[in-house]
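Got a predicted model here, sequence first, then my questions.
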Amino acid sequence: MSAPTYASLLPPSWKRVVQQWLEEDCPSFDWGGYVVGEAPRSATLLCKTEGVLAGVPFVDAVFEAMGCRVAWKFEEGRMLTAADSVPGTPAGQVKVAVAHVDGPTRNLLLGERVALNTLARCSGIATASRRMLDAARAANYRGIVAGTRKTTPGFRLVEKYGMIVGGVDAHRYDLSSMVMLKDNHVWSTGSITNAVQAARRAAGFSLRIDVEVQSLAEAEEAIRAGADVVMLDNMTGDELVACARALKAELGGEYRFLLESSGGITLANLARGAHLDDAIDIVSTSAIHQSTQHVDYSLKIDH
């Protein structure tokens, strides 16, 4: 039995969006394509900064739609470094031949920018995710590190995919994946208890309920109301640790719940051990996919 690949996670509908990307990038005449013509050529996909390779199935789909073939030299999830660079690369620089692409010259260039943009973004998120997870493990944290739903509209599948390749938990994928009750839900229903009870009536047993709280008292109310996860929002340092430990000590024997730390979590403060304690089950952050530096790729026609 072959080992599963990350591409096996993707839903059957995902390739439709690739055609939309291509149509957006070339809505009318392909002037450059006229110049180069249809002669078959090969091209090398180069990685020019260190990072985790992620986004392989999206690149495959782009070039498949163009009638081209991609041959990868590295497995998805691999951290590409200067040590992988082609011979002759100057010291300290990165120039990794990640894949070779074959097909009609015009079609190679039609798919080029769409493929590179997607690969760069997905790899950037995977790289930030890997570094965040590594920092947590280096600080002896054994809980869950997760990304948030603060993703780019229309591009969520790629961004969540990058998180998974990078090794972190993708948290909830969308509004239907888990019930998350935030301050607006509580204010609209009158109390945390009212919000949790209403959610449970509709969601039943199969969905977890995650409640955002601002204090120890609110956390206690959420747990007693039946919350599965309690998000200690924007709590830091001693306040966060004291609150989490108190909840586990007071209610951990009677109720089953997870504690989540969220809000303002970055690689820098996580590496210092902030937000990390045995009482915290989940650390969630948007730092791995918002304002994340892309991994630099280019496609060069072989000559």
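Perfect, thanks for sending it.

Give me the residues contacting stretch 235-250.
Contact with stretch 235-250 is made by 215-216, 219-220, 223, 230, 232, 257, 259, 261, 263-264, 274-275, 277, 279-280, as judged by Cβ atoms under 8 Å, 6 or more residues apart in numbering. Every C-beta, even on glycine, is put in place using the N, C-alpha and C of the backbone.

Next step: these restricted to strands.
Among these, DSSP state E puts 230, 232, 259, 261 in strands.

Out of the residues you listed, which comes closest to Thr151?
For those, the closest approach to Thr151 (Cβ to Cβ) belongs to Ser261, at 20.0 Å.

show me the contacts for that closest one.
Applying Cβ under 8 Å, 6+ apart, we find Ser261 in contact with 231-232, 235, 240, 244, 275, 280, 282-284.

Pull the most distant pair out of the residues you listed.
Largest separation among those by Cβ to Cβ: Ala244 and Ser284, giving 14.2 Å.

Only the buried residues of stretch 252-269, if you could.
Buried residues in stretch 252-269, counted by 16 or more other Cβ atoms under 10 Å: 257-263, 265-267, 269.

Equivalent analysis for stretch 266-279, please.
Within stretch 266-279, the residues scored as buried using 16+ other Cβ under 10 Å are 266-267, 269-271, 274-277, 279.

tell me the contacts of the residue nearest to the spatial centre of the chain?
Residue closest to the mean C-alpha point of the chain, counted by Cα atoms, centre = their mean, is Met163 at 2.5 Å. Counting by Cβ under 8 Å, 6+ apart, Met163 makes contact with 125-126, 129, 147, 169-170, 288-289.

rewinding a little: which members of the contacts of Ser261 occur in helices, if any?
Using DSSP state H, the subset of the contacts of Ser261 located in helices is 240, 244.

picking that back up, pick out whichever of the ones in strands among the contacts of stretch 235-250 sits closest to Gly111.
Distance to Gly111, by Cβ to Cβ, is smallest for Ser261 among the ones in strands among the contacts of stretch 235-250, at 41.5 Å.

excluding its backbone neighbours, what's nearest the closest one?
His275 (4.5 Å; Cβ to Cβ, 6 or more residues apart in numbering).

can I assume the one you found is in contact with Asn269?
Yes - between His275 and Asn269 there is a contact under Cβ atoms under 8 Å: 7.0 Å.

before we move on, which element is the residue nearest to the centre of the chain in?
Assigned by DSSP states H and E, Met163 belongs to helix 156-166.

what separates that helix from the chain centre, distance-wise?
Chain-centre distance of helix 156-166: 3 Å, with Cα atoms, centre = their mean, to the nearest Å.

How about stretch 217-237?
Counting by Cα atoms, centre = their mean, stretch 217-237 comes out at 25 Å from the chain centroid.

What is the nearest of the ones in strands among the contacts of stretch 235-250 to Trp31?
For the ones in strands among the contacts of stretch 235-250, the residue nearest Trp31 by Cβ to Cβ is Ser261; the value is 52.1 Å.

all strands for the stretch 51-200 of the chain, in order.
51-52, 69-72, 79-80, 96-104, 144-147, 179-181 (DSSP state E, counting those that start in this stretch).

Out of those, which is the most enclosed?
Each of these was scored by mean neighbour count; the highest is strand 51-52, a mean of 26, by mean count of other Cβ atoms under 10 Å.

Can you pick out the most distant pair from the buried residues of stretch 266-279?
Leu267 and Ala279 (22.0 Å).

Quick check, Leu109 in contact with Glu38.
No - contact criterion Cβ under 8 Å: Leu109 and Glu38 do not qualify, at 11.3 Å.

circling back: please render the contacts of Ser261 as TSV that adds distance to Leu207 to the earlier fields.
As requested, the contacts of Ser261 are exported to TSV (distance: Cβ to Cβ, whole Å):
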residue	distance to Leu207
Met231	16
Leu232	21
Met235	25
Leu240	26
Ala244	24
His275	26
Ile280	22
Ile282	16
Val283	22
Ser284	17
